[in-house]
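A.B. asks: how does the following fold in three dimensions:
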Amino acid sequence: MSVIVVSGTGTEIGKTVVTAALVALAKGRRIAVAKPAQTGVDSGEPGDLDEVRRLGGQVYGVEMARFREPLAPAAAARRAGLPGVRAQAVAECVGRLAAEYELVVVEGAGGLLVRFDADGDTLADAAQLLGAPVLVVAPAGLGTLNSAALTGEALRARGIDQLGVVVGSWPAEPDLAARCNLLDLPEAAGAPLLGAVPEGAGRLAPADFRDRAADWLAPRLGGRWDAAAFTAAAHGGVPAASVG
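C.D. replies: Model prediction:
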């Protein structure tokens, strides 16, 4: 893979931390990160790319547009009197990066179908133009199965490969719904479970974050996280096939 698109099933669920973990695990490779639209951050303030660099390590980054208000990109652009972000522009920018870097990670804003501009362009449109797989970040608890299923259905309808699902913030004390969702998310999403990042990972010291990132993501993403072992541990050591 030369391009990975990171999308969420919603907002504030760990996309930036997952992106930083991907960067941390790609050490030794030439890697770039693209952020098509940053919202909720004023000019001169640190954004998601700064957080990726702080946690994951120094990496080349491109922020295509920034809007001060914490809204969907199309709404924030409209209220600021600025143009939104076109999917074609995202594809062209990422394509240029992919010609120079071994891996380009594209971090979306919110969910897959959040509008980037007044014409309704979305991250899904950009991924489709790029022919790039999408890594979906989902929350752990109640309600995540429906949003993961809808996201998976939207990807399949567009012929976009879903790389897998990562739980963006795995609670220190998971409730019954979270534990059961480890079993049910792959079926709901129609894609494998490829990681679980512990809640609070973004508050770790950067060196600790980079040392531990491999424990959170599966080998397909460069780590050593094992879905079956993690699921069994969450269910008190019972093998996943025996749970339920």
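A.B. asks: going by C-alpha atoms from here, please, whenever you check contacts or count neighbours.
C.D. replies: Noted.
A.B. asks: bridge partners for residue 107, pull those for me.
C.D. replies: residue 6 (DSSP bridges).
A.B. asks: so how far is residue 229 from it?
C.D. replies: Using Cα to Cα, to the nearest Å, one gets 28 Å for the distance from residue 107 to residue 229.
A.B. asks: who has more neighbours, those two?
C.D. replies: Under the criterion of other Cα atoms under 10 Å, the comparison of residue 107 against residue 229 puts residue 107 first, with 26 against 14.
A.B. asks: residue 23 is in contact with that one, correct?
C.D. replies: No - using Cα atoms under 8 Å, residue 107 is not in contact with residue 23; the gap is 11.8 Å.
A.B. asks: show me where this structure has its helices.
C.D. replies: 15-25, 48-56, 73-80, 87-100, 123-130, 144-157, 176-189, 206-212, 227-234 (DSSP state H).
A.B. asks: give the buried residues for the shortest one.
C.D. replies: For helix 206-212, burial by neighbour count (16 or more other Cα atoms under 10 Å) applies to 206, 209, 210, 212.
A.B. asks: pLDDT on that helix, on average?
C.D. replies: For helix 206-212, mean pLDDT is 98.
A.B. asks: ok, residues contacting it?
C.D. replies: 21, 24, 25, 54, 55, 56, 57, 201, 202 (Cα atoms under 8 Å, 6 or more residues apart in numbering).
A.B. asks: tell me the contacts of residue 145?
C.D. replies: By Cα under 8 Å, 6+ apart, the neighbours of residue 145 are 181, 184, 185, 188, 189.
A.B. asks: ok, back up a step: what about the contacts of helix 206-212, which one has the most neighbours?
C.D. replies: Neighbour max across the contacts of helix 206-212 (other Cα under 10 Å) = residue 21, 29 neighbours.
A.B. asks: which of the helices of the chain sits most buried?
C.D. replies: helix 15-25 (a mean of 27; mean count of other Cα atoms under 10 Å).
A.B. asks: for the record, mean pLDDT for it?
C.D. replies: 98.
A.B. asks: got it, and stretch 131-141?
C.D. replies: 98.
A.B. asks: list the buried residues of it.
C.D. replies: With burial defined by 16+ other Cα under 10 Å, the residues of stretch 131-141 counted as buried are 132, 133, 134, 135, 136, 137, 138, 139, 140, 141.
A.B. asks: correct me, but residue 39 touches residue 66?
C.D. replies: Yes - look at residue 39 against residue 66 with Cα under 8 Å: they come within range, at 5.8 Å.
A.B. asks: need the residues touching each of residue 107 and residue 23.
C.D. replies: Common neighbours of residue 107 and residue 23, using Cα under 8 Å, 6+ apart, do not exist here.
A.B. asks: restricting to C-alpha, output stretch 147-162 in PDB.
C.D. replies: Listed next in PDB are the C-alpha coordinates belonging to stretch 147-162 (Å, rounded to 0.1, in the frame of the first residue of the first chain):
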ATOM      1  CA  SER A 147     -22.100   3.100  12.400                       C
ATOM      2  CA  ALA A 148     -19.500   0.600  11.400                       C
ATOM      3  CA  ALA A 149     -22.000  -1.300   9.300                       C
ATOM      4  CA  LEU A 150     -23.200   1.900   7.600                       C
ATOM      5  CA  THR A 151     -19.600   2.900   6.900                       C
ATOM      6  CA  GLY A 152     -18.800  -0.500   5.500                       C
ATOM      7  CA  GLU A 153     -21.900  -0.500   3.300                       C
ATOM      8  CA  ALA A 154     -21.000   3.000   1.900                       C
ATOM      9  CA  LEU A 155     -17.500   1.800   1.100                       C
ATOM     10  CA  ARG A 156     -18.700  -1.300  -0.700                       C
ATOM     11  CA  ALA A 157     -21.300   0.600  -2.700                       C
ATOM     12  CA  ARG A 158     -18.500   2.800  -4.100                       C
ATOM     13  CA  GLY A 159     -16.100  -0.100  -4.700                       C
ATOM     14  CA  ILE A 160     -13.600   1.100  -2.100                       C
ATOM     15  CA  ASP A 161     -11.500  -1.500  -0.200                       C
ATOM     16  CA  GLN A 162     -12.000  -1.400   3.500                       C
END
